[in-house]
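Novice: structure here, sequence nowhere to be found:
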């Protein structure tokens, strides 16, 4: 499993264009994005962690008047992001060592955070806190229960992991976030397990 976890970024680097084509421009998570956006201040700032190509999440949020900064470990994804959203800030950065020195009005880690190992996920909650302004919503996806799994993309193994829901709740609380909503295997969102929290 460790080898597969170490190769996640390489998979996305090699297949960035294929991923962008498969992802498409229509947000399956539009209900969650609208709920997240309703918690932002007017023209709020959003940090999109593992932003990919910027389609459709960052584009949806910019369309609602918010300013999105995208970060991704794949230079190829950031190149696509900049092409799709030339007015938005974007940089190549590993979420595990992220230290932008800025607070944001909202944070998203949709279909990105769950590629980290359980240990790495536990270490991310202080990173979320360091980049969140008071009251900022945090939206992320996880697995439904503790475990590791290997999917595939373009014929290559793709690592995923999750903590137990109770552990996510403890980590969020310890980092200063209150859970607003949690839906396991949301049928209205392609079966994603979704967390929405707010920074105190």
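Specialist: On my side now, so go ahead. Only a predicted model underlies this, so the values are computations on that prediction, with no experimental measurement involved.

Novice: what pLDDT, on average, does the longest strand belonging to the chain get?
Specialist: The strand that spans the most residues within the chain, counting by DSSP state E, is strand 177-186. The pLDDT scores in strand 177-186 average 97.

Novice: report the buried residues of it.
Specialist: By neighbour count on 16 or more other C-beta atoms under 10 Å, the buried set for strand 177-186 is 177, 182, 186. C-beta here means a position set from N, CA and C on the backbone, and glycine is covered the same way.

Novice: swap in stretch 164-174?
Specialist: Those would be 165, 168-169, 171-172, for stretch 164-174 by 16+ other C-beta under 10 Å.

Novice: and for stretch 75-85?
Specialist: Quick answer for stretch 75-85 (16+ other C-beta under 10 Å): 76-82, 84-85.

Novice: which of these lies closest to residue 151?
Specialist: For the buried residues of stretch 75-85, the closest approach to residue 151 (C-beta to C-beta) belongs to residue 77, at 18.0 Å.

Novice: which helix or strand contains that closest one?
Specialist: helix 75-84 (DSSP states H and E).

Novice: what's the first helix or strand after that helix?
Specialist: As assigned by DSSP H and E, the chain's next helix or strand after helix 75-84 is strand 89-92.

Novice: what sits up against that following strand?
Specialist: 51, 54, 67-75, 78, 81-82 (C-beta atoms under 8 Å, 6 or more residues apart in numbering).

Novice: so in that sheet, which strands flank the helix or strand just after the longest strand of the chain, and in what orientation?
Specialist: Sequence-wise, the next helix or strand downstream of strand 177-186 (DSSP H and E) is strand 192-199. Using DSSP bridges, the strands paired with strand 192-199 in its sheet are strand 137-142 (antiparallel), strand 177-186 (antiparallel).
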